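*Asks:* Pasting the sequence and the predicted model now:
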Amino acid sequence: MLIDEVLDRLRSAGLVVDSLDTSGDLVLCPVDGDRRGKKSGWYICFKITADSGKESYQGRFGNQSIDDKTLYFDISDPAMSKDELREVRKSFLDRRRAEMDAKEEASREKVRRRSAQIWEGLPLSGASPYLSNKGVAGFGVRYTRGSVVVPVRRIADDVLTGLQFINSEGGKKFLTGTSKKGAGHLIGKIDPDCPLIVCEGYATGASLHMATEWPVLVAFDCGNLLPAAQAIRELRPDVQLIIAGDNDASSEDNPGKAAAIAAAQELGAIATVPDIESMPECLRPDFPKLDYNDVHLVRGLDVISHQMTGVLSNPELNLAAASPAPPLEEESRANGEVVSIDLEQVLNRYALIAGETKFWDCQERREIKKTAFVELIGKSIYNEWKEHERRRVITRADVAAIQNGGEGGDLRILQRYVYIYPTKDAWDTERKDRIPLENLRAAMPNDYDWWLKHPQRRQVDSDRLVFDPTMTADPKTHINIFEGLPHKPSPKSEFWRCDAIRELIRWLCNDDVDVIDWVMKWLAYPIQNVGAKMDTALMFHSDVHGSGKSLLFADICRQLYGKYAAVLGQHQLESQYTDWRDRLLFAVFEEVLSRDQKYAHLGTIKHMITGKTQRIEKKFVSGWEEANHMNCIFLSNEFQPFPLEPSDRRFLVVWPRATLPEHLQQLVSNEMENGGIEAFYGYLLAYNTKGFNEHTKPLMTDDKARLIHFGLSGTELFYQAWRDGLLEAPYMSCITTDLYEVYKRWCSREGERSLTQTKFSLLLSVKEQKSRERFIEGTSISARQHMFFVVDEDGHDRSISRQQWLGNCVVKFRQDSGLHRDDSF
């Protein structure tokens, strides 16, 4: 049989298969020699049946324990003619292709619906540290928890095909399944009287639009420049297109520039990229590529505007039309040619050898005499260079180390990286981050050993690399990684700019004056005393959605602290790594515990609030101890985010009672975009916190009392009811077994699960005096001792004996409780 031939073929390659799956899906299977559970083999098999009933099996397979090769098989009924086989294969492929297209379209439609659902639920305005860092506004975007959300729309019909999320650090992620090809995000409106620019990223597009006021189509990456430009050309053939690519000069084939030129040549458009050689200062040291947003941040919008109008009017500037320009290189003056070199290139390439009149070429790694050096760069540039503050100096020892085969390095490396003794890490003073030494070696393989062995390499003890917002560490002996808060406070005359933000606080606190004042002081104190660690935390929870909790704390207050604030969730609490706590001053926790894990991380939460230090564990990096300056806020839509103890002294609890009015939300959003954050910062700095400090205990609000009560066990609820006189059994001295009988009756009535008598007695013994006593009923004293809960012993009538008083208590307790006993004591 044909199927046996297929199985024999698979087995001959070592695959262990008992039966054949002909669905066309990928099948994983073990191979000879695999340990139990491992599957190093795979195959895909199609069964094709002709109208005559004849069969053909086609597919591919592999054994990854041997190599990564893909092997093929094609086993057909020998009676099947070539024409019949060709026809049946074509029919099968057409059917298979149609099935896959339908499946893909169904998947895309699901993504479109999901994108629309998410998009409609996002606010039109909000805060985005990413946009602030990039110096651009939000054009047609929406916001969520500090991230900016960019819609991806199919250009042909404006259908939403996905979403791009850009977080505060610039990390970009598309909604799974987003279709980018032939899609983009349009900034501005298309006008036939002005050009339309097609670019890669959102920030680049926003900078181009702000500089030119022309419409811009964001294609999201260089691979989509041509499909997006083709789609817009088909939609609007009357519009002049400019393809503005990124200059990925660090890549050998410069994909950004190449894609821009290819798209422009295909469509008869104009191609342009930022010129790195004329603007080297725009390059980021950690990211050797240049886009128009980089130009915007360093050179300003006018430079972009000038380049765009220039490329439009001067055909020679069109990269798609011009022949490739020869690279700008410095040539020898030996042949009398003029060298094209500027001051910036000299500053980056050459260094003075200290104490000598010779110079060091860091690229060619050779010495140059003064006469040759002046001749090389020109006298005017030399005069500027020798007086420049950025002029580099190298020691003769460094030169010797390089010439002797050492991996000589850029002297700036010595300033940038600091070894943390006695760990396996270094501190990067530019990125402000700990880096494993092995990663540092990978980042600069030619200079690592030179840096490590250099006598002037900087070193700091691990306990002297500190996060100290209080700024009390001695800068001569410590490295303080705190750089200050990001905003400049507004003067008192501009406090009106945060009126709506203060109204939002009033709204969330339900107009309770005392709660409003306490919350304001809690927010203000660590702003006035940067680094103050509050022993308390705020909990705002409510089943009212849209009350403004996240708007105030996650969007507004978070901005006050910049990179020293974060919005966190359950994932962070459960992670074995705690580097998310590193350098945090302000943390907003949203729905941190699921309903089945409300008790799992209470210890962690308590330590975050009152712990003085915290252990930071980071993947691939040595762990370290850091002072805890993190102040916490917990937000939830659950009735009980997590249980609070009856004696809790950590949390102020507030239950917002109503949805935030739309007009107030809009006012708050407007303030956030028009100086409200700076005004609120100034307002908090000026707020009167006299008598308030890190240890001030929170108010006992009705909301907190309700939350505590909800979390009590049945035994604690019973005890409170008994103590407060809410039961038929009086709160007085009694025999423990009598009280247990009342407790069981109460549990049955209330639907609570009762404890055993032993556990019940032990729990109440920490609240009431428990002792073994004899008592008198009438004229007889009990023959044996009984275990009593003795209540208010000092308040009994001293005219009778203790035994008589206890006997009276037993009788009254039983009568009032409805207990009837005929014990002979």
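*Replies:* Here it is on my side, so go on.
*Asks:* switch to C-alpha atoms for all contacts and neighbour counts from now on
*Replies:* Will do.
*Asks:* Just the pLDDT at Trp451, thanks.
*Replies:* For Trp451, the pLDDT comes out at 84.
*Asks:* Which positions in the helix or strand hosting it come out as buried?
*Replies:* Assigned by DSSP states H and E, Trp451 belongs to helix 448-453. Going by neighbour count (16 or more other Cα atoms under 10 Å), the buried part of helix 448-453 is 448, 450-452.
*Asks:* Poorly predicted segments of the stretch 351-500 of the chain, please.
*Replies:* Along the stretch 351-500 of the chain, the parts satisfying pLDDT under 70 run over 363-364, 395-412.
*Asks:* Over to the chain?
*Replies:* The chain contains residues with pLDDT under 70 at 250, 252, 277-288, 322-341, 363-364, 395-412, 592-601, 778-780, 782-783, 821-825.
*Asks:* before we move on, the earlier item: go through the buried residues of helix 448-453 and name the one nearest Lys549.
*Replies:* Tyr448 (48.8 Å; Cα to Cα).
*Asks:* For the closest one, which non-adjacent residue is closest in space?
*Replies:* Arg441 (5.3 Å; Cα to Cα, 6 or more residues apart in numbering).
*Asks:* so how many other residues sit close to that neighbour?
*Replies:* Taking other Cα atoms under 10 Å as the criterion, the count of residues near Arg441 is 15.
*Asks:* Render the CA-only coordinates of the helix or strand hosting it in PDB, please.
*Replies:* Using DSSP H and E, Arg441 sits within helix 437-443. Provided in PDB are the C-alpha atoms of helix 437-443 (Å, rounded to 0.1, in the frame of the first residue of the first chain):
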ATOM      1  CA  LEU A 437      30.900  42.200  32.200                       C
ATOM      2  CA  GLU A 438      30.300  39.500  29.600                       C
ATOM      3  CA  ASN A 439      27.800  41.700  27.900                       C
ATOM      4  CA  LEU A 440      30.200  44.600  28.000                       C
ATOM      5  CA  ARG A 441      32.800  42.400  26.300                       C
ATOM      6  CA  ALA A 442      30.400  41.500  23.600                       C
ATOM      7  CA  ALA A 443      29.600  45.200  23.100                       C
END
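*Asks:* ranges for the strands of the stretch 501-650 of the chain?
*Replies:* Using DSSP state E, counting those that start in this stretch, the strands of the stretch 501-650 of the chain run over 537-541, 565-568, 586-590, 613-618, 621-627, 631-636.
*Asks:* Indicate which one of those is closest to Ser771.
*Replies:* strand 537-541 (40.3 Å).
*Asks:* Give the pairing partners of the closest one; include direction for each.
*Replies:* Sheet pairing here is set by DSSP bridges, and for strand 537-541 it gives strand 631-636 (parallel), strand 651-654 (parallel).
*Asks:* any chance of the ones you listed in CSV, with distance to Ser622 and mean neighbour count too?
*Replies:* Supplementary listing: the strands paired with strand 537-541 in CSV, determined by distance: least, Cα to Cα, whole Å; neighbours: other Cα atoms under 10 Å:
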stretch, distance to Ser622, mean neighbour count
strand 631-636, 25, 23
strand 651-654, 33, 22
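*Asks:* Can I get those strands in TSV including distance to Pro78?
*Replies:* Output for the strands paired with strand 537-541, formatted as TSV (distance: least, Cα to Cα, whole Å):
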stretch	distance to Pro78
strand 631-636	69
strand 651-654	80
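*Asks:* Looking at those, which is nearest to Met520?
*Replies:* Of those, the one closest to Met520 (Cα to Cα) turns out to be strand 651-654, at 12.2 Å.
*Asks:* contacts for that closest one?
*Replies:* Residues outside strand 651-654 that contact it (Cα atoms under 8 Å, 6 or more residues apart in numbering): 508-509, 536-541, 698-701, 703-704.
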